[in-house]
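>>> Turn this into a model:
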Amino acid sequence: MSEVSSNNINSYSKVGFEYAAQKKSSKFMIPVVLEPEMKDRRRWIGPVGIELANSAYLDYSADDHFDGIVEDLMAAINRISP
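Just a heads-up that it's a prediction; the model follows:
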């Protein structure tokens, strides 16, 4: 989050996110939450918050359902694929 919001123009995270948001559209992005505190969308700052705060996210902040992560992610990709 902080890397994408930084002023570092050499950040691959920042450049990649901005390219995807501008060229591909945030409707084709799938937010994946890996830290429990990031389930609070008010913590999604900068470009991430602007582009994705209203998007449904996949919650992988707990390790208890790790086996289902790939299946969940593939289902989400299939839902947004044209």
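>>> all strands for the protein, in order.
Applying DSSP state E to the chain gives strands spanning 32-33, 58-59.
>>> Please compute how far the last one lies from its chain's middle.
Distance, stretch centre to chain centre, for strand 58-59: 10 Å (Cα atoms, centre = their mean, to the nearest Å).
>>> What average pLDDT does it get?
Regarding strand 58-59, the rounded mean pLDDT is 92.
>>> Mind putting the strands of the chain into a markdown table with mean neighbour count and distance to Pro47?
In short, each C-beta sits where N, CA and C put it, glycine included. Formatted as a markdown table, those follow (neighbours: other Cβ atoms under 10 Å; distance: least, Cβ to Cβ, whole Å):
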| stretch | mean neighbour count | distance to Pro47 |
| --- | --- | --- |
| strand 32-33 | 16 | 16 |
| strand 58-59 | 15 | 19 |
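>>> Redo those strands as JSON lines? Include distance to Ala76.
As requested, the strands of the chain are exported to JSON lines (distance: least, Cβ to Cβ, whole Å):
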{"stretch": "strand 32-33", "distance to Ala76": "9"}
{"stretch": "strand 58-59", "distance to Ala76": "6"}
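>>> List just the one of the ones you listed that sits closest to Gly49.
Closest to Gly49 of the strands of the chain, according to Cβ to Cβ: strand 32-33, at 13.2 Å.
>>> Quick one: closest of the strands of the chain to Gly46.
Comparing the strands of the chain by Cβ to Cβ, strand 32-33 comes nearest, at 16.3 Å.
>>> Find me the pLDDT at Phe17, would you?
pLDDT for Phe17: 89.
>>> again with Asn7
Value for Asn7, per-residue pLDDT: 83.
>>> measure it to Arg79 for me?
In this view, Asn7 and Arg79 are 34 Å apart by Cβ to Cβ, to the nearest Å.
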